[in-house]
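Novice: Fold the stuff below for me.
(chains A, B and C)
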Amino acid sequence: MIEGLDRTPLTRDFFDRPVLDVAPDLLGRTLVRDTADGPIELRLTEVEAYAGEIDPGSHAFRGRTGRNSVMYGPPGHAYVYFTYGMWHCLNLVCGPEGMASGVLLRAGEIRLGAELSRKRRFSARNDRELAKGPARLATALDIDKALNGTDAIAHPGASLSVLHGTPPPSDQVRNGPRTGVGGDGALHPWRFWIDGDPTVSPYRPHAPRRRAT
DNA sequence: TGTATGATGGGCT
DNA sequence: GCCCATCATACAT
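Specialist: Numbers count the residues shown, from 1 in each chain, chains lettered A, B, ... in the order given. Predicted structure coming up:
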């Protein structure tokens, strides 16, 4: 157990708010992943908001598809997608049903179960890199598409849940453009992080793929 | 600590 | 057929 943490679970109501309210409010919260080998806990240090069909950066921008259908469902569920042929990323659905908005969990500090994470993240050079980036976070917590649609509101047998944790003082919360988001979606400063935290991932602007020769 | 580049496959126009 | 909410590696500094 971790000393000094508020272990009260976040409720459905926490996520049933506008995504731009929820996203910064998730910083400092404790993400709990119950794996077959034991629990892993992480303190969230970096997130990004994706505002449904009005947001050019969102998977829901072009409407409902098979992949993004979970985003249209109730808040507090996990939307997990597969990208770049190799990686998974974890979002938490926000707002009322039908809004299709969510928060991408981009980085965090492993506070419990680091030995389990190190086995999956064997290439990490130090513990700060275990969950420094959204695909690293998913790998560190053994999250893949099997968890897509999972209810992350605490309940018996939950494989994923979020606790109240220790939110940072508001003057330590920063925001800026989202990483790797291009086009009009790059205009929105909807990435939120804890200032100075060593587990926050480096910002990278959108870089279009160049065709192989 | 930083930059360049290849990997790798599902989703969608 | 192009795009992608990315990362590991190699190499320079």
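Novice: how close does residue A:58 get to residue A:67?
Specialist: Relative to residue A:67, residue A:58 is positioned 12 Å away (C-beta to C-beta, to the nearest Å). To be clear about C-beta, it is placed using only N, CA and C from the backbone, and glycine gets the same treatment.
Novice: Pick out whichever of those two has more residues nearby.
Specialist: The neighbour comparison of residue A:58 against residue A:67 (other C-beta atoms under 10 Å) goes to residue A:58, with 23 against 14.
Novice: So the more buried one sits against residue A:52, correct?
Specialist: Yes - in this structure, residue A:58 is within contact of residue A:52 by C-beta atoms under 8 Å, at 5.9 Å.
Novice: Overlap of the contact sets of these two?
Specialist: A:71, A:100-101 (C-beta atoms under 8 Å, 6 or more residues apart in numbering).
Novice: Spit out the contact partners of the closest residue to residue A:159 other than its chain neighbours.
Specialist: Once flanking residues are discounted, residue A:159 sits nearest to residue A:34: 5.2 Å by C-beta to C-beta, 6 or more residues apart in numbering. Contacts for residue A:34 (C-beta under 8 Å, 6+ apart) come out as A:158-160.
Novice: what about residue A:34, which SS state?
Specialist: Here residue A:34 is recorded as strand under DSSP: H, G, I helix; E, B strand; the rest coil.
Novice: Repeat that for residue A:23.
Specialist: Under three-state DSSP, the three-state class of residue A:23 is helix.
Novice: what sits against residue A:37?
Specialist: When contacts are counted by C-beta under 8 Å, 6+ apart, residue A:37 touches residue A:116.
Novice: That one and DNA strand C, how far apart?
Specialist: Distance, residue A:37 to DNA strand C, using C-beta to the nearest atom of the strand, to the nearest Å: 19 Å.
Novice: For that residue, report the pLDDT, please.
Specialist: What the model reports as pLDDT for residue A:37 is 95.
Novice: Over to the one 3 residues further on?
Specialist: According to the model's per-residue confidence, residue A:40 sits at a pLDDT of 98.
Novice: again, but for residue A:213
Specialist: 46.
Novice: For ChimeraX, what selects the buried ones among the contacts of residue A:34?
Specialist: With 16 or more other C-beta atoms under 10 Å as the criterion, this ChimeraX line picks the buried residues out of the contacts of residue A:34:
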select /A:158,159,160
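Novice: just checking, which of the contacts of residue A:34 belong to helices?
Specialist: Using DSSP state H to define helices, no part of these is located there.
Novice: Show me the shared contacts of residue A:58 and residue A:52 that map onto strands.
Specialist: Cross-referencing the shared contacts of residue A:58 and residue A:52 against strands under DSSP state E gives residue A:101.
Novice: Within reach of DNA strand C, which of the shared contacts of residue A:58 and residue A:52 are there?
Specialist: Restricting the shared contacts of residue A:58 and residue A:52 to those within reach of DNA strand C (C-beta under 7 Å from any atom of the strand) leaves residue A:71.
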